[in-house]
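Enquirer: pasting the structure only:
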């Protein structure tokens, strides 16, 4: 398999509502419920129900703020990409004529991963964007691409569909070098399934089932040992998408195919609660665990729960940066509790997939710690990875003094371009969950929830994190009592609630939910005050690298953009160059937080204090064109720290 980092470096060198007919269809991506109207009762195949479960995407409208702005940038980029160019290599591979200009980067005619974005991620992103916004023009565009790809599948005559020939799978079976053909098929399958679930496109489901049938026929004669060897080549979330096809269609053969895509050498240690992740490629394996989560929900087999739950806790507790992301040079390179930073830490796909997995963990447990992690990762690892034209990052470089780099519009198409397209299409999918008793307010994002099944409309007004809190207004109240469960984050050291301007004598501990249960009236307003504080976090296993956070927000030292050219910012997968000189902090102990002070009268503006230089700091998600430091080198005064340790 080609080295992805080397490959991308080489490349760089050279809120409307949906139509009523769709409202019975599936939830936002996970869990995918039964979606064929009139044939089955929705959800009956989900043997493990989520305790709190998400609202459908069309029920949550983003309101003006940084999250809506980010989604709008992504929406514009989705409209920019021409269908003929997206379909070009699929048509050529199927023997159909095409005069379109080929795309570049990972979609170029000679690149072995071609088709992963153009026929996969792109369709998922369009489907999710339509579910969130009701963008009919984008839906029509995506329908046109589905039809074009269906014609390619028909030309193959056997269910196969890809932008590369079947011979890639011959090489895979024979043990010859090939990039990751099943990884690409996973994206194509998921893209078509999303088009069915979120847009109601029947042709997309037929195409997905045709391709799934081809996969089943290809894998069926292979021995267990041969299949295990094949699975050493990255295969994305093939188990997840097969389980999802079963959830949609009820066809048991998809469960059998899903089980074939289980790597024993990866799953067995996790089932036994052993961290043997050192040396593994991170984003090869996170999607497999999402597949295990779907396996648990659809089969109720405890081993799948053990795999997913242990893995999530191990990554979030022992292998995550202050940003919430994970991986360095795309791998888990060290033992648990030990990490390093560099120009290729962290890979953006990892953050995206960890958020997908976190939704499952929260759905099973309602654990507020899961939403604490979600918030951390969303605001620090994800929001800043897209710039104003909708272009995405590959790596979030955490070595002090480096800078952000983004894809070009038509000549990159990295894996993280694709997952970023999906991420920024569904920024509304986790703000609110619900159970039979009420609503969970998980994230503080300006938005409006419309839940007619609960006779409820709820508006959230906030400029969080610039505003240290949020306000919720009941626009339309249900007749029955309903609980509003408001998350009190891990970083909250105090806080307060007001109802209609009057303080309430209730709150809750950090990392919990405070529940307000009453018979609500139209116009009721709940204000939640969440004062933020500075707090330091050292890198796992290395206290000589320390980050500063303000509430949930990672602060980054801003070293300016002098010398950072457009060529350095666009086209490179990471910042392959000389970092800015970052001063070494002089500290007494790792938990010390007074080396940063807030600039009076300026929200979210800070500066170094008591150090050799006065460097400005601001939220990491705001730093897009400067050299920066999230982690700072630190030197500890020996007597004071040793004395403290003793």
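Expert: Noted; the coordinates are in hand. Because the structure is predicted, anything quoted here is derived from the model rather than measured.
Enquirer: from memory residue 128 sits against residue 422, does it?
Expert: Yes - A contact is recorded between residue 128 and residue 422 when judged using Cβ atoms under 8 Å, the distance being 6.0 Å. Every residue, glycine included, has its C-beta placed from N, CA and C.
Enquirer: Contacts only, for residue 634.
Expert: Applying Cβ atoms under 8 Å, 6 or more residues apart in numbering to residue 634 gives the contacts 538, 543-546, 584-585, 587, 590.
Enquirer: from those, which single one is nearest residue 101?
Expert: When the contacts of residue 634 are ranked by distance to residue 101 (Cβ to Cβ), residue 545 comes first, at 45.1 Å.
Enquirer: ok, now how distant is the closest one from residue 345?
Expert: Here residue 545 is placed at a distance of 11 Å from residue 345 (Cβ to Cβ, to the nearest Å).
Enquirer: higher neighbour count, those two?
Expert: residue 345 (26 against 23; other Cβ atoms under 10 Å).
Enquirer: My understanding was that the more buried one contacts residue 332; is that so?
Expert: No - Residue 345 lies out of contact with residue 332 (Cβ under 8 Å); the separation is 10.9 Å.
Enquirer: Next, the buried residues of stretch 530-540.
Expert: For stretch 530-540, a neighbour-count test (16 or more other Cβ atoms under 10 Å) marks 530, 532, 534, 536-540 as buried.
Enquirer: The residue lying closest to residue 341 once chain neighbours are set aside - how many residues pack around it?
Expert: Spatially, and ignoring its direct neighbours in sequence, residue 341 is nearest to residue 398 (4.1 Å; Cβ to Cβ, 6 or more residues apart in numbering). Here the number of neighbours of residue 398 (other Cβ under 10 Å) works out to 29.
Enquirer: Kindly report the same for residue 421.
Expert: By other Cβ under 10 Å, 25 other residues sit near residue 421.
Enquirer: Likewise for residue 394?
Expert: Residue 394 has 27 nearby residues by other Cβ under 10 Å.
Enquirer: Quick check: the closest residue to it other than its chain neighbours vs residue 299, distance?
Expert: Leaving aside its chain neighbours, residue 394 sits nearest to residue 573 (4.0 Å; criterion: Cβ to Cβ, 6+ apart). Using Cβ to Cβ, residue 573 is found at 38 Å from residue 299.
Enquirer: Could you check which of the two is surrounded by more residues?
Expert: For residue 573 and residue 299, the more surrounded residue by other Cβ under 10 Å is residue 573, and the numbers stand at 27 against 18.
Enquirer: quick one: that one and residue 413 touch, right?
Expert: No - judged on Cβ under 8 Å, residue 573 makes no contact with residue 413 at a distance of 11.5 Å.
Enquirer: on that earlier part again, output the buried residues of stretch 530-540 as JSON lines; include the columns distance to residue 441, pLDDT and secondary structure.
Expert: Shown next, in JSON lines, are those (distance: Cβ to Cβ, whole Å; pLDDT from 0 to 100; DSSP: H, G, I helix; E, B strand; the rest coil):
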{"residue": "530", "distance to residue 441": "12", "pLDDT": "97", "secondary structure": "coil"}
{"residue": "532", "distance to residue 441": "18", "pLDDT": "97", "secondary structure": "coil"}
{"residue": "534", "distance to residue 441": "25", "pLDDT": "98", "secondary structure": "strand"}
{"residue": "536", "distance to residue 441": "28", "pLDDT": "98", "secondary structure": "strand"}
{"residue": "537", "distance to residue 441": "26", "pLDDT": "98", "secondary structure": "strand"}
{"residue": "538", "distance to residue 441": "31", "pLDDT": "98", "secondary structure": "strand"}
{"residue": "539", "distance to residue 441": "32", "pLDDT": "98", "secondary structure": "strand"}
{"residue": "540", "distance to residue 441": "31", "pLDDT": "97", "secondary structure": "coil"}
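Enquirer: For the residue nearest to residue 341, which three-state class applies?
Expert: Of the three states, residue 398 takes coil under DSSP: H, G, I helix; E, B strand; the rest coil.
Enquirer: Can you name the residues that contact it?
Expert: 321, 323, 341-342, 345-346, 630-631.
Enquirer: element containing the nearest residue to residue 237 once chain neighbours are set aside, please.
Expert: For residue 237, ignoring the flanking residues on the chain, the nearest one in space by Cβ to Cβ, 6+ apart is residue 287 at 3.5 Å. Element membership for residue 287 (DSSP states H and E) is helix 282-299.
Enquirer: Which neighbouring elements make contact with that helix?
Expert: helix 238-249, helix 253-260, helix 264-271, helix 302-318, helix 348-365 (3 or more Cβ pairs under 8 Å, 6 or more residues apart in numbering; DSSP states H and E).
Enquirer: now the third one and helix 282-299, what's the angle there?
Expert: Looking back up the chat, that one is helix 264-271. In terms of direction (axes from the mean of the first three to the mean of the last three Cα atoms, to 10 degrees), helix 264-271 departs from helix 282-299 by 70 degrees.
Enquirer: residues making contact with helix 264-271?
Expert: Residues outside helix 264-271 that contact it (Cβ under 8 Å, 6+ apart): 228, 275-276, 280, 285, 288-289, 292, 303, 306-307, 310-311.
Enquirer: top of the residues you listed by neighbour count?
Expert: Neighbour max across these (other Cβ under 10 Å) = residue 292, 31 neighbours.
Enquirer: show me what contacts that one?
Expert: 239, 262, 267, 304, 307-308.
Enquirer: who wins for neighbours among these?
Expert: That'd be residue 239 among those, by other Cβ under 10 Å, with 30 neighbours.
Enquirer: these two touch, right, that residue and residue 289?
Expert: No - applying Cβ under 8 Å, one finds residue 239 not in contact with residue 289, separated by 9.6 Å.
Enquirer: All the helices of the stretch 401-550 of the chain, residue numbers only.
Expert: 415-423 (DSSP state H, counting those that start in this stretch).
Enquirer: Residue 312 is in contact with residue 359, isn't it?
Expert: No - the criterion here is Cβ under 8 Å, and residue 312 misses it with residue 359 at 10.7 Å.
Enquirer: Tell me which of the two has more neighbours.
Expert: residue 359 (26 against 21).
Enquirer: Am I right that the more buried one is in contact with residue 54?
Expert: Yes - counting by Cβ under 8 Å, residue 359 does reach residue 54; the two are 7.2 Å apart.
Enquirer: avg pLDDT for the helix holding residue 287?
Expert: The average pLDDT within helix 282-299 is 98.
Enquirer: Residue 387: what's it in contact with?
Expert: Per Cβ under 8 Å, 6+ apart, neighbours of residue 387: 73, 404, 406, 624.
Enquirer: now these as a markdown table including pLDDT and neighbour count?
Expert: Output for the contacts of residue 387, formatted as a markdown table (pLDDT from 0 to 100; neighbours: other Cβ atoms under 10 Å):
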| residue | pLDDT | neighbour count |
| --- | --- | --- |
| 73 | 98 | 16 |
| 404 | 98 | 22 |
| 406 | 98 | 24 |
| 624 | 94 | 18 |
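Enquirer: okay, the residues you listed in TSV with distance to residue 566 next?
Expert: Shown next, in TSV, are those (distance: Cβ to Cβ, whole Å):
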residue	distance to residue 566
73	18
404	13
406	10
624	13
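Enquirer: Closest to residue 103 out of these?
Expert: Of the contacts of residue 387, the one sitting nearest to residue 103 (Cβ to Cβ) turns out to be residue 406, at 16.7 Å.
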